[in-house]
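**Student:** My questions are about this predicted structure, shown below with the sequence.
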Amino acid sequence: MRKDLVDLWNEKEYHQKYLILDDSNAKTISDICKPITDNSKVLDVGCGVSRTGMYLVKNRKNLKYFGQDISSTALKMAKKRIKGAKLVHHSCSKLLFNSNYFDFVISTYAIEHFSEPKKVLDEMIRVCKPGGKLIIVSPAWDAPVISPPVLNRTIKKRLKSFYVQSKRQAGLILLKKTDFHTIDPPKHTIKEYSEDTDTVYHVSIREVMEYLKKRGCKIEYVHQRRLPLVRYFFRYMHIVAKKPAER
Ligand SMILES: C[S@@+](CC[C@H](N)C(=O)[O-])C[C@H]1O[C@@H](n2cnc3c(N)ncnc32)[C@H](O)[C@@H]1O
């Protein structure tokens, strides 16, 4: 794990905008949380300051909220906001929870930062109960004409990204090949930071869906369901998948 990235995520300022739960984002968060029912156990993977947790404990009865994040600063801020939440400080490449434990495993705006996204997906599936649900939301860059900020700074970088992404999407479509392409963002301080410049995983909706299906999960929802081709141009991924029930 790159130390400068962990340092960035340990800056209080980084998390300021995620502290806010108001009219501007409450609708999005309530949509994301729609499948989550009362009386359930929920793990928030890369929880940050637990914005989703704040919404859930207010709006669901008897919900048990757990979170894991690599930023001790974010977890300290989260602990002040949600009494009784169980929050764990560790990289999400290994989730420090028992297998088949949670009714819902959610991750919002975090997978794009994971240096080992495939491992995290494996772990999310492991800790989810059979028949439980995974909810994953993040930016995404499937269409070769769009790319994460780090890869579109110069014409040369854009062209390279177009080539890499076209090859990758062709591999996914024709061979169902999942490579979980990661990129090396520049060194940041909070002063130079702007949204998504700390992207590490070049998120592909097709890839995440394909991998979840390979692991036996059923895709229950993906944004722009009726317009599957258009969804890849939205720079947005919202997937709900069900872990198969034990036979
Ligand atoms: C943009 S914030 C999103 C926080 C929260 N999920 C939300 O929606 O408000 C991304 C979070 O991912 C965390 N993160 C990045 N890489 C991580 C890793 N490998 N393991 C655990 N957390 C990680 C960062 O510390 C940060 O809190």
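**Tutor:** All right, it came through fine. These numbers were taken from a predicted model, which means no experiment stands behind them. Residues are numbered from 1 along each chain as shown.

**Student:** count of neighbours near the closest residue to residue 196 other than its chain neighbours?
**Tutor:** Closest residue to residue 196 apart from its sequence neighbours, by Cβ to Cβ, 6 or more residues apart in numbering: residue 149 at 5.2 Å. Every C-beta, even on glycine, is put in place using the N, C-alpha and C of the backbone. By the criterion of other Cβ atoms under 10 Å, residue 149 has 16 neighbours.

**Student:** From what I see, residue 59 and residue 30 are in contact.
**Tutor:** Yes: using Cβ atoms under 8 Å, residue 59 is in contact with residue 30, at 7.3 Å.

**Student:** Just after the strand or helix carrying residue 156, pick out the following helix or strand.
**Tutor:** Residue 156 belongs to helix 155-175 when assigned by DSSP states H and E. Once helix 155-175 ends, the next helix or strand along the chain (criterion: DSSP H and E) is helix 205-214.

**Student:** Any buried residues in the following helix or strand past that next one, and which?
**Tutor:** Sequence order places strand 218-222 as the next helix or strand after helix 205-214, per DSSP H and E. By neighbour count on 16 or more other Cβ atoms under 10 Å, the buried set for strand 218-222 is 219, 222.

**Student:** Show me what strand 218-222 is packed against.
**Tutor:** helix 205-214, strand 237-242 (3 or more Cβ pairs under 8 Å, 6 or more residues apart in numbering; DSSP states H and E).

**Student:** That strand pairs with which strands, and in what direction?
**Tutor:** strand 237-242 (antiparallel) (DSSP bridges).

**Student:** can you tell if the partner strand touches the ligand?
**Tutor:** No: using Cβ under 6 Å from any ligand atom, strand 237-242 never reaches the ligand; the gap is at least 12.4 Å.

**Student:** Between helix 205-214 and that strand, find me the angle.
**Tutor:** Per axes from the mean of the first three to the mean of the last three Cα atoms, to 10 degrees, the angle that strand 237-242 makes with helix 205-214 is 10 degrees.

**Student:** can you list contacts of strand 237-242?
**Tutor:** By Cβ atoms under 8 Å, 6 or more residues apart in numbering, the surrounding residues in contact with strand 237-242 are 32, 35, 131-140, 203, 205, 208-209, 212, 217-223.

**Student:** Also stretch 176-196?
**Tutor:** 4-5, 8, 11, 13-14, 112, 115, 117-118, 139, 148-151, 164, 168, 171-172, 197-202, 204, 207, 210-211, 214.

**Student:** do it and the ligand meet?
**Tutor:** No: against the ligand, stretch 176-196 shows no contacts by Cβ under 6 Å from any ligand atom, the least distance being 8.9 Å.

**Student:** Any idea how far that stretch is from the middle of the chain?
**Tutor:** 14 Å (Cα atoms, centre = their mean, to the nearest Å).

**Student:** just to revisit the earlier point, derive a ChimeraX selection command for the buried subset of the contacts of strand 237-242.
**Tutor:** Of the contacts of strand 237-242, the buried ones can be selected in ChimeraX as follows, counting by 16+ other Cβ under 10 Å:
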select :32,132,133,134,135,136,137,138,139,140,203,205,208,209,212,217,219,222,223
